[in-house]
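Engineer: Return atomic coordinates for the entry below.
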Amino acid sequence: MTVSYFEIHTRGSTAAWDISDIATDIEWTTDVGFAAGELKFSLIEVDEGFAPKNGDVVSFKWNDNEVFFGYVFSTSFKSDGVVDVVAYDRLRYLKNQDTIVWEVSTALQRFNDIMERLRLPHRNISENTLALSAEVSDGKTYFDMLKSAFDSTETSTGNRYIMRDMYGTVEFVRISSSSGAYLPLRTGLVVGDNSLLTDFTYGTSIDDLYNVVKLIKETEDEQKRTVYTTQTANSNDSQMKYGTLQTVEKADDNLNDSQMQDRANQLLRQYNKEKVTLTLDAIGDLTLRAGTRFYIDIKQLNNFGIGMREVLATKVTHNFKKDWSMTVDVEVI
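Structural biologist: The predicted model follows:
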């Protein structure tokens, strides 16, 4: 396993440099949490006349596999002659801010609109049909706009979507479904005691758990007095187990009582869960990047009720060294 292609070139220029022999400490990170893919690396013995510049294009392949295409966003030069570089893939441009008046549209339609505004190559490998309410996104980042659309879609349908940059093309992908629909990032890879795993850390928390959700709508009557409408959803079993943990949220002014109750029930299902954290250290495998579903098989986790099962990689960092390794943050499904 080795670097098979690593090049930097200046935009709008034929000037290009092969850095495959002078690049060290190469680290590639992807994350489903609305963040750009990141490639960090260091350059030693930089040739006179060449220095990476912000905005330069970076292309990286490992063992002939396309891994990263993006742009330099920061450099630092040390007295020992080493240059540290940080590059991001095309998702980085979704940190741009804008004001958009959205008509009734799906998350996929909003994704396509933003990609076209940014002139980013993109493709849709999952369908999405839920129509979202019209809204105004004023001075928000494109990431925030799409996060809002994706979160609303997941709450209403159980379908979860992400974006990922595949060597310069941004993809719209469904990574979970309440209906058992086809998921393109599902794999048969197993990470465990007899496959790739070198270490793991497991933990649980109820710091962000709520078992009582109170939804409040504030309106005015004919005399201009403030009227409060409240709908509550709660789990008695969860309160017996953890004590009462309550959150209050404002409801959309357009919701009627029945719709408010449905929304409170949806939020309860979302919030009434223990947070499980699992981080795996393993031998590198490019099958795994953020958004990939795979299997774990770790005997020690059987004591916690986690046998062999499918999980979701939420953040993956590959360290491309002689002993190629990866660190995977896992969501236990």
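Engineer: Okay, strands next: where are they in the stretch 101-250 of the chain?
Structural biologist: Assigned by DSSP state E, counting those that start in this stretch, the strands in the stretch 101-250 of the chain fall at 122-124, 135-141, 160-166, 169-176, 186-192, 197-205, 212-220, 226-234, 246-250.
Engineer: Tell me where the chain is predicted with low confidence.
Structural biologist: The model of the chain has pLDDT under 70 over residues 47-48, 220-228.
Engineer: hmm, try it at 80
Structural biologist: 1, 45-49, 180-181, 218-229, 253, 333 (pLDDT under 80).
Engineer: coming back round to it: may I see the strands of the stretch 101-250 of the chain arranged in TSV, with distance to residue 279 and mean neighbour count as well?
Structural biologist: Where you see a C-beta, it was placed from the backbone N, CA and C, and this is true even at glycine. Below are the strands of the stretch 101-250 of the chain laid out as TSV (distance: least, CB to CB, whole Å; neighbours: other CB atoms under 10 Å):
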stretch	distance to residue 279	mean neighbour count
strand 122-124	31	15
strand 135-141	28	13
strand 160-166	19	21
strand 169-176	19	20
strand 186-192	12	16
strand 197-205	5	13
strand 212-220	30	17
strand 226-234	32	14
strand 246-250	27	12
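Engineer: wait, which of those strands is closest to residue 61?
Structural biologist: Evaluated over the strands of the stretch 101-250 of the chain, closeness to residue 61 peaks at strand 160-166, with 13.2 Å, by CB to CB.
Engineer: in the chain, which spans are helices?
Structural biologist: Ranges of helices in the chain, per DSSP state H, are 107-118, 142-157, 236-242, 257-271.
Engineer: In a markdown table, list those helices along with distance to residue 166.
Structural biologist: Below are those laid out as a markdown table (distance: least, CB to CB, whole Å):
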| stretch | distance to residue 166 |
| --- | --- |
| helix 107-118 | 13 |
| helix 142-157 | 17 |
| helix 236-242 | 40 |
| helix 257-271 | 29 |
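Engineer: Export the strands of the stretch 101-250 of the chain as JSON lines, with columns for distance to residue 50.
Structural biologist: What follows is those, written out as JSON lines (distance: least, CB to CB, whole Å):
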{"stretch": "strand 122-124", "distance to residue 50": "32"}
{"stretch": "strand 135-141", "distance to residue 50": "34"}
{"stretch": "strand 160-166", "distance to residue 50": "26"}
{"stretch": "strand 169-176", "distance to residue 50": "28"}
{"stretch": "strand 186-192", "distance to residue 50": "39"}
{"stretch": "strand 197-205", "distance to residue 50": "37"}
{"stretch": "strand 212-220", "distance to residue 50": "58"}
{"stretch": "strand 226-234", "distance to residue 50": "61"}
{"stretch": "strand 246-250", "distance to residue 50": "54"}
